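S.K.: task: produce atomic coordinates for the following.
(chains A and B)
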Protein chains: 2
Amino acid sequence: MWILRVDMKDRSYRLEDVPLQYRQLAGRGLTSSIIADEVPPLAHPLGPNNKIVFSPGLVTGTAAPTSARLSAGAKSPLTGGIKESNGGSPFARDLAVMRIRALVVEGHPKDAKSFWGIRLTWDATKGKPKVEFFDATEYCGKSLYDVVPALYKRFGDSISIAGCGVAGELGYGNAGVMYTDMAKRPSRYSGRGGLGSVLGSKRLKFIVVDDKGAPGVEIANRALFEEGRKKMTEALQTHAITKPKGALNSFGTAVLINILNEAGGLPTRNFASGRFEGAAKIAGEAIFEGTKQRLGKELYNHACSPGCIIQCSNTWFDAKGTEVTSCVEYESDWALGANCGIDNLDDIAEMIHLCNGYGLDTIETGTTLAVAKQAGVLPFGDSKGAIRLVHEIGAASPLGRILGGGTEFTGRAFGQTHVPTVKGQSMPAYEPRAVKGIGVTYATTPMGADHTAGYTICPEILSVGGKADPLSPEGKAALSRAFQATTAFIDSTGHCLFIAFAILDIPSGYEGMIQECNGVLGTQWTAEDVLRIGGEILSKELAFNQAAGFTKAHDRLPEFMKTEPLPPHGQVFDVPDLALDAVHAKQ
Amino acid sequence: MWILRVDMKDRSYRLEDVPLQYRQLAGRGLTSSIIADEVPPLAHPLGPNNKIVFSPGLVTGTAAPTSARLSAGAKSPLTGGIKESNGGSPFARDLAVMRIRALVVEGHPKDAKSFWGIRLTWDATKGKPKVEFFDATEYCGKSLYDVVPALYKRFGDSISIAGCGVAGELGYGNAGVMYTDMAKRPSRYSGRGGLGSVLGSKRLKFIVVDDKGAPGVEIANRALFEEGRKKMTEALQTHAITKPKGALNSFGTAVLINILNEAGGLPTRNFASGRFEGAAKIAGEAIFEGTKQRLGKELYNHACSPGCIIQCSNTWFDAKGTEVTSCVEYESDWALGANCGIDNLDDIAEMIHLCNGYGLDTIETGTTLAVAKQAGVLPFGDSKGAIRLVHEIGAASPLGRILGGGTEFTGRAFGQTHVPTVKGQSMPAYEPRAVKGIGVTYATTPMGADHTAGYTICPEILSVGGKADPLSPEGKAALSRAFQATTAFIDSTGHCLFIAFAILDIPSGYEGMIQECNGVLGTQWTAEDVLRIGGEILSKELAFNQAAGFTKAHDRLPEFMKTEPLPPHGQVFDVPDLALDAVHAKQ
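M.R.: Numbering: from 1, shown residues only, chains lettered A, B, ... in the order given. Predicted structure coming up:
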């Protein structure tokens, strides 16, 4: 197993053996460790001393189901803190089977005029990966949908790609890292935290990986791994949410639209209400029905990355049956839909497509448009105007640069106070005044407002892994803490977080996850180690943020959420500050 | 003595006796105390829970020379921390002689469509001040040079005015608080920290004061006061910098251009060099000579505020002898000149005039334009283009909103790393790599980068109050600490900070300052009390900032100043972090 370091200063690279202290780390555990160990906390996120690290998970590249995820990590241009942003892609598997535990991109080129790409192949003669640099300037300033096909043409169909869009070239706070999906679309993202701009600042436009001849992942105890894999597979294939033709496979993540709307927790019109009158028109069920109508047949969802058996990626087609975009995720659907007062799936899908093409995080884009709408730039509900604004972002007009800076940035540009962010990152699709536990996660995760950092929605809304009253502030600190630690571990395994639905309800699935990891590493981890390891990852992240200038004052929701009651429940966010401070207090 | 509270929520007001614990506080000491005591540290700066406080100094309104200064204080929209921004104006005297120690503006109006003004007069019948509200919407969206004359016409010539320009109406991070000068110009500012936007967020456009009939300032020990006043007067009239036809009276503050340029500490082209080849063309001497040429006679400078005997405000005239603007301060001249690579005084003066008209801080505007120039928006040296950009800010175009957000904001919009700010506020006209002590002040003052918070330039460059090697990092923490504490006291007296030139060199002047204060208050302060009181003010400010989320990590200069050597001396900023942390450590 190697750490591959690419230095953009002189376009060189080197392979290092994974050092002892990193041997049992991968995914988020490894990206956060490398960033914490190597990046000065006060480094400028777009300066030469920041680094961006890609690391597939512990079981990525194996036959473990739904495990082709990777972590991208850096000091975030959006939050100013440490960042891990997770994505699923063949790119994750391809790094893993070449036995690259981490790809670390460092330095700045002196020649700031060009952008570069790197091509990573398996050198069979030497039995190790090889890196070539190529001039990628010709691919700049264009939609990723226009240039990614050219890369496939140039380098062959067996490649996978990571890179940044124009948003990253421009240094926007809202620039994601793009990965190609199974069908060569530039549609999978480590979307959050502006990490695409770290790539852009290093003038690295694309990372192309061809895994031909790669040896695959070493497995220390194959029998144990197989036992775990089977338990995990069975759990995923059994649970109502994750099973074939289950909730996710049928309706995609957008199945949550109706559920959250019903719960009064679907943020609507820039977090002015928890209920959207147009919810049913943009819900997962509406996508399924709309697709059936337009294609003349039922279409179940597909996998975003190799080996996924949940397969939750949907596709939206226009009236002629031509694909508009894949995938209409819940978060994208909500951000560009309900939160902008928009109930038109065709327009929402077009905006998602534009975001993918320009290299933007759909969540941050939608919440930004909503703040701009609140500021009077555009009326809520104006979907054609919203499409125009996304184009402005891609075109780098002055207004586009404001919006490209993200939600908090746009709020400042227009002197707004109603801005739903924590640590500079916008909240995703769960209203913390209606679902208090997720508010604790937003406030206290080192990542900035992020649902995936501690998805208390499971017990609060979905009755998964127990039940908790979403409107009650009681016990939510402990709940969030447990979810945050478990999540930091899952983000290190390479499994998609959606395995949580199954393994929280089915104990053998949880065992299976641990057995898979023990099988690969030859360790003897138990359930206690999951929380210990997750906690250690969080500690490293929190220490980095503290050195970067974060305090308890940053572990707070925006002022307006503590004073303005949210319809329909009329609740404010009332988890006490002391409870928030207790989340990461030494136990 | 009263505290006058104006609540914009319901447009009401009330007079309170100054409570016991505030009786010996005024100016910065009082604004910072009220903000620290009453504003929640996590309040949104533009939200209803922020307040803006105006307080004239302890001896303002008396016959003490050069003492018509006041402090404006609030939680800053620019820095997110506590802010005191000092200005000189008849407005300061007028509040003082009405015995208003502090004017506190609170709350938000429900009707967000209108802007309002308040008119403050002396009610002789009741023997106290009176407030009337008037609709000021008609004065919005226009240059202050167009609307301030209308206020004089409406309310009479004996008024003085404070208010905000369009920058404040728009909620810009870079919006100053305007005060009228002795000749009714809207040209004096509490420029820094975006406090104009706090006024704007409260929909308070203007505060008009008419002091007719006001009783004047109470003086507890008139003989002692007189003794102090005489000493102060003599010091100011003797010192080479402050005396009649001395450096400031002849050349204005812009006398510093040549001095700093010679020292290699004049930031040039966005802090790329410490020396500007066009310095002589924009220096105070050039202003004096240019004025002489255009008017056909020598013109010495005038006072910005009543009772000033330094009289350092210059005036710039066009080729026909018509006034372009007053005043061309060193900071404005540098920011819009050298720092933008511009050596044309006519264009610099026009930009200063535009900033005054739009309600912008000239420092923050110039440093913002320089960052925009670095980002390629405009070439360095293009003065006509720079004028156009200032107009964009006033016109609230999208580009104008970016630039109106200030230097750090503009840096983010364009993905720049070479951004000379601390705590979100841009550095003024002294390069910290060439003058290390002022860098310590920039880094550690609670105000964000601010020369006036601890003007170590005195010993480092001007040989005033001793001598210190500007290039040496040694002893600069202690130097800055002493200056910061003394300054917090001077900012509370109502004296202009420029008295420091005289009283640091002439001990009887320093005694005079203390005797003036003791004369007014009936106290028995000594020189030790000056440092004690200054230190107490700093402690309150630092505690507020800590609760607002500031840590040692925020007491740092930007990364590039530690790594990029500055011509001509080839120095980086090398004051150790431990020395910075020692500045405000408990002694």
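S.K.: now the residue of the stretch 201-350 of chain A found nearest chain B: closest residue in space, sequence neighbours ignored.
M.R.: Proximity of the stretch 201-350 of chain A to chain B (Cβ to the nearest Cβ) peaks at A:Ser201, 7.0 Å away. Backbone N, C-alpha and C define where each C-beta goes, glycine included. In space, and not counting its chain neighbours, A:Ser201 is closest to A:Leu46: 4.0 Å by Cβ to Cβ, 6 or more residues apart in numbering or on different chains.
S.K.: how about the residues of the stretch 401-550 of chain A near chain B?
M.R.: With Cβ under 8 Å from any Cβ of the partner chain as the criterion, the stretch 401-550 of chain A meets chain B at residues A:401-402, A:405, A:409, A:412-417, A:546-550.
S.K.: can you rerun that using 7 Å?
M.R.: Selection of the stretch 401-550 of chain A residues close to chain B by Cβ under 7 Å from any Cβ of the partner chain yields A:Arg401, A:Ile402, A:Gly405, A:Phe409, A:Arg412, A:Ala413, A:Phe414, A:Gly415, A:Thr417, A:Ala547, A:Ala548, A:Gly549.
S.K.: what does the helix or strand harbouring the fourth one contact?
M.R.: Per DSSP states H and E: A:Phe409 is located in helix A:407-413. With Cβ atoms under 7 Å, 6 or more residues apart in numbering or on different chains as the test, helix A:407-413 has contacts from A:173, A:364, A:367-368, A:371-372, A:402-403, A:419, A:421, A:424, A:426, B:173, B:401-402, B:405, B:409, B:412.
S.K.: out of the residues of the stretch 401-550 of chain A next to chain B, who's nearest chain B?
M.R.: Using Cβ to the nearest Cβ, those come closest to chain B at A:Gly415, 1.9 Å.
S.K.: what residues does the closest one make contact with?
M.R.: Here A:Gly415 is in contact with B:Leu46, B:Leu170, B:Gly171, B:Ser197 (criterion: Cβ under 7 Å, 6+ apart).
S.K.: cool, A:Asn270 as well?
M.R.: By Cβ under 7 Å, 6+ apart, the contact list for A:Asn270 reads A:Asn339, A:Ala370, A:Val371, A:Lys373, A:Gln374, A:His418.
S.K.: among these, which are in helices?
M.R.: Secondary structure defined by DSSP state H assigns A:Ala370, A:Val371, A:Lys373, A:Gln374 of the contacts of A:Asn270 to helices.
S.K.: measure A:Met232 to A:Thr242 for me?
M.R.: 11 Å (Cβ to Cβ, to the nearest Å).
S.K.: packing partners of the helix of greatest length in chain A?
M.R.: The longest helix of chain A (DSSP H) is helix A:527-547. On a contact count with 3 or more Cβ pairs under 7 Å, 6 or more residues apart in numbering or on different chains; DSSP states H and E, helix A:527-547 meets helix A:27-38, strand A:82-88, helix A:476-493, helix A:507-521.
S.K.: quick revisit: out of the contacts of helix A:407-413, which sit inside helices?
M.R.: Among these, the members found in helices (DSSP H) are A:Glu364, A:Thr367, A:Thr368, A:Val371, A:Ala372, A:Ile402, A:Leu403, B:Arg401, B:Ile402, B:Phe409, B:Arg412.
S.K.: now the buried members of these.
M.R.: With burial judged by 16 or more other Cβ atoms under 10 Å in any protein chain shown, the buried subset of the ones in helices among the contacts of helix A:407-413 is A:Glu364, A:Thr367, A:Thr368, A:Val371, A:Ala372, A:Ile402, A:Leu403, B:Arg401, B:Ile402, B:Phe409, B:Arg412.
S.K.: quick one: the residues you listed as TSV, columns for distance to B:Ser32 and pLDDT too.
M.R.: Output for those, formatted as TSV (distance: Cβ to Cβ, whole Å; pLDDT from 0 to 100):
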residue	distance to B:Ser32	pLDDT
A:Glu364	36	98
A:Thr367	35	98
A:Thr368	35	98
A:Val371	32	98
A:Ala372	35	98
A:Ile402	33	98
A:Leu403	36	98
B:Arg401	30	98
B:Ile402	31	98
B:Phe409	25	98
B:Arg412	29	98
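S.K.: related to what we said a few turns ago, looking at the ones in helices among the contacts of helix A:407-413, which is nearest B:Ala64?
M.R.: Taking Cβ to Cβ as the measure, B:Ala64 lies nearest B:Phe409 of those, at 39.4 Å.
S.K.: hmm, back to that, distance to A:Ala396 added to the buried ones among the ones in helices among the contacts of helix A:407-413, as CSV?
M.R.: Shown next, in CSV, are those (distance: Cβ to Cβ, whole Å):
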residue, distance to A:Ala396
A:Glu364, 17
A:Thr367, 20
A:Thr368, 15
A:Val371, 19
A:Ala372, 16
A:Ile402, 11
A:Leu403, 11
B:Arg401, 15
B:Ile402, 12
B:Phe409, 17
B:Arg412, 14
